[in-house]
Structures are given as structure tokens and as C-alpha cells.
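# based on what follows, work out the 3D shape:
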Amino acid sequence: MPSCDILVSDQLRYRWETNTLDSVNGINIYYNETGKGKSLPVLLIHGFPFSSEMWKAQVAALQENGFYVIDYDLRGHGQSGIGDGQYTIELFVDDLIALLDCLEITKAVVCGFSMGGYVALRAIERNPERFGALILCDTTSSADSNEAKIKRAASIRLIKKDGVKSFAEGFLKAVFYEQSFSTKQNAVESIRKIILSNSTTGICGALLAMASRTDTTEALSKISVPTLVLVGEYDTITPPAAAKAMHDRIQNSKMHIIGNAAHMSSMENPNEFNEHFVKFLKNLNILTD
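Predicted coordinates for the structure are as follows:
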């Protein structure tokens, strides 16, 4: 395992130790862990352009059920380092594997939401031996179409011209179910604050990474670990049809559609989301005590 320097903060969140992990693949990576040693690690990868803060409801549920959980901020997001903004999904995978190495974790259950799913899918294609199971949330294995690439380029222009705030308002309307703006106002405001806390460099770098990512569809049939696919009923960004297409290709996979939710299913309907999440993990029998 490569060496890494760990700086421990005195800040506590959900009764966990909060750590900043220094020089992981050349950048500071902010992460949280709880329940260490109680199970095979469950590692959560957030989506674009968020941070580990989006997983609050999931971490609380997993903590309550005794699982060892790690959530971290991708480079350019949250409290992790920004670097030069020249990001690729390959670089995010490099960071993920380096983080596992520094934490001396040989195998984990990896859960990726949206862009985090792109990272998880490429990681399991590259390093299948590091996965004990896979959870894919509101994501897809398909690469961007030309239309989607042009749309990401337009987002970069908007952010550079008018700032992150202008981008955030349109983005919120795309990822949340319309009713959530009145019924899940706390979730919407939480995501708005997370987006606005991220830098222009980090957000634009992630847009470039997503636009240039590879298509991992052909690799789905090679996934041999237990896999759970979750998707919001009204998700228009990575719709249920895309989730089913992955489910059909992944052997030993299960799929559930989360009701009354769009792309942000983990926050719009956390109870139903967590029910499937926890049940899947319990069926894996990964708890050690």
C-alpha cells in the first residue's frame, strides 16, 4: 500500500471522526468514516456538482444498522482539493483507488450516484478485484451523445459568463421532481447550497470529465458481484429505461424504481431508497459483529 499523510480534524459530524487525507494521488481528499471494522466497507461516491453532504440520510441509516461507511468529496467538490481542473473520469477512478489504498481497504461495496456511478462503473471495469458489491443510483453506462456534449459545453460557457448561481437554478429544475420544490424544500435548499459552495474550476472540470467519459455498457455483462440499481420514477436525466438496460445486462443484479422522485431519489424519497439500500446490504451478510 502506498504511504499517505492523514490530518485529523477536530470537527465532528454525525459522531464520526472527520479526516482530511493528504497527498492522495497528489491532492487533498476529504472523507468521513464511521463504524470501522463492523462490516465490509460501504463507500459512497456523490454526484455532480455536489459533495458527500448529499448522503446524510443514507449514512444515518447505514450507521443505525451497524455498517462501516466511508463517504468522500471528489476532487474539485466539497472540501477536497481542486487541482488544475483538468479532470477525467479516469482521474476520479485513480483518486478512488488511491483512497482505498491509503485506508488499507482491499475490497469494498461501492455505491455511485449519477456522476459517481460513472466513476464506479469505470472503476469496476478497471479494478474488479476491489469490489465486493456495486450499487448504481440514478446513473447510466452510456457515454454522452453529441447533443449532451454540446449541452455540457454550453453549461461551461454559462458558468464562466454568469457564475455558478445562474447555472444552479436551471440545474435544480432538471434534477428534482417538480413537486419536490414544495414538498422537499429542505432537500432542494441543501443541494442549492452545496452547488453554490463549489468552485467554477471544479464544476467546469467535472463537466469536461463527464463529456469525455467512455461508454461502459459492454463491460456490464462482465460484472460478477451482487449489484443493486436504484432510479427515481420521474428521473429524466438517467431515466428508468436506462436503469433497466443496465439491470438487464448485469448478472445477479436487482433493480427498484423509487416513487415520487426524479434524479435526486436518495434525497426526494430517502425512506424508500434506504429501505432497498439497507436490505441489499443485509442480504450480502457483510456485517462482522
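# could you use CA atoms for every contact and neighbour count after this?
Will do.
# so where's the stretch 1-150 of the chain shaky on pLDDT?
Residue ranges of the stretch 1-150 of the chain with pLDDT under 70: 1-23.
# for it, just list every one of the helices.
56-64, 89-102, 115-126, 146-162 (DSSP state H, counting those that start in this stretch).
# which of those sits closest to residue 255?
helix 115-126 (14.7 Å; Cα to Cα).
# got the buried residues for that closest one?
Within helix 115-126, the residues scored as buried using 16 or more other Cα atoms under 10 Å are 115, 116, 117, 118, 119, 120, 121, 122, 123, 124, 125.
# against residue 192, how distant is the fourth one?
The one in question is residue 118. For residue 118, the distance to residue 192 equals 22 Å [Cα to Cα, to the nearest Å].
# distance of the closest residue to residue 40 other than its chain neighbours relative to residue 233?
Nearest non-adjacent residue to residue 40, counting by Cα to Cα, 6 or more residues apart in numbering: residue 286, 5.5 Å away. Per Cα to Cα, residue 286 is found 29 Å from residue 233.
# if we can go back for a sec, got JSON lines for the helices of the stretch 1-150 of the chain, with distance to residue 263 too?
As requested, those are exported to JSON lines (distance: least, Cα to Cα, whole Å):
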{"stretch": "helix 56-64", "distance to residue 263": "16"}
{"stretch": "helix 89-102", "distance to residue 263": "20"}
{"stretch": "helix 115-126", "distance to residue 263": "12"}
{"stretch": "helix 146-162", "distance to residue 263": "17"}
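# the residue nearest to residue 40 contacts residue 65, doesn't it?
No - if you go by Cα atoms under 8 Å, residue 286 and residue 65 don't touch, sitting 11.7 Å apart.
# between those two, which one's more packed in?
Neighbours per residue, other Cα atoms under 10 Å: of residue 286 and residue 65, the larger number sits with residue 286, 17 against 14.
# what are the phi and psi values at that one?
Backbone geometry at residue 286, expressed as degrees, to the nearest 10, gives phi -100, psi -10.
# residue 161 versus that one, what's the distance?
48 Å.
# equivalent analysis for residue 111, please.
For residue 111 relative to residue 161 (Cα to Cα), the value is 34 Å.
# between these two, which one's more packed in?
residue 111 (25 against 10).
# which residues touch that one?
Residues in contact with residue 111 (Cα atoms under 8 Å, 6 or more residues apart in numbering) are 42, 43, 44, 45, 117, 120, 134, 135, 136, 137.
# quick one: which of these is most hemmed in?
Ranked by neighbour count (other Cα under 10 Å), the contacts of residue 111 have residue 137 at the top, with 29 neighbours.
# using CSV, list the CA coordinates for stretch 112-121.
Extracted C-alpha coordinates of stretch 112-121, given in CSV (Å, rounded to 0.1, in the frame of the first residue of the first chain):
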residue,chain,number,x,y,z
GLY,A,112,-22.2,5.7,-7.0
PHE,A,113,-24.8,8.3,-7.7
SER,A,114,-25.1,9.9,-11.2
MET,A,115,-21.5,11.0,-11.9
GLY,A,116,-20.4,8.9,-9.0
GLY,A,117,-22.0,6.0,-10.9
TYR,A,118,-19.8,6.8,-13.9
VAL,A,119,-16.8,6.6,-11.6
ALA,A,120,-17.9,3.3,-10.1
LEU,A,121,-18.6,1.7,-13.4
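# and residue 243, backbone torsions?
phi -60, psi -40.
# that one: what's it in contact with?
Contacts of residue 243 by Cα under 8 Å, 6+ apart are 138, 139, 140, 229, 230, 231, 255.
# hmm, back to that, most packed of the helices of the stretch 1-150 of the chain?
Of all the helices of the stretch 1-150 of the chain, helix 115-126 carries the top mean neighbour count, a mean of 24, counting by mean count of other Cα atoms under 10 Å.
# contacts for that helix, please.
45-48, 89-90, 92-93, 110-112, 130-131, 134, 136-141, 210, 216, 219, 223.
# centre of the chain versus it, how much separation?
Between the centre of helix 115-126 and the centre of its chain there are 10 Å (Cα atoms, centre = their mean, to the nearest Å).
# so that helix versus helix 89-102, what angle?
70 degrees (axes from the mean of the first three to the mean of the last three Cα atoms, to 10 degrees).
# hang on, the earlier thing: let's have the buried residues of helix 115-126 in CSV, adding distance to residue 280.
Shown next, in CSV, are the buried residues of helix 115-126 (distance: Cα to Cα, whole Å):
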residue, distance to residue 280
115, 22
116, 19
117, 17
118, 21
119, 21
120, 17
121, 19
122, 22
123, 21
124, 19
125, 22
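# hmm, residue 55 is touching residue 46, no?
Yes - Residue 55 lies in contact with residue 46 (Cα under 8 Å); the separation is 7.5 Å.
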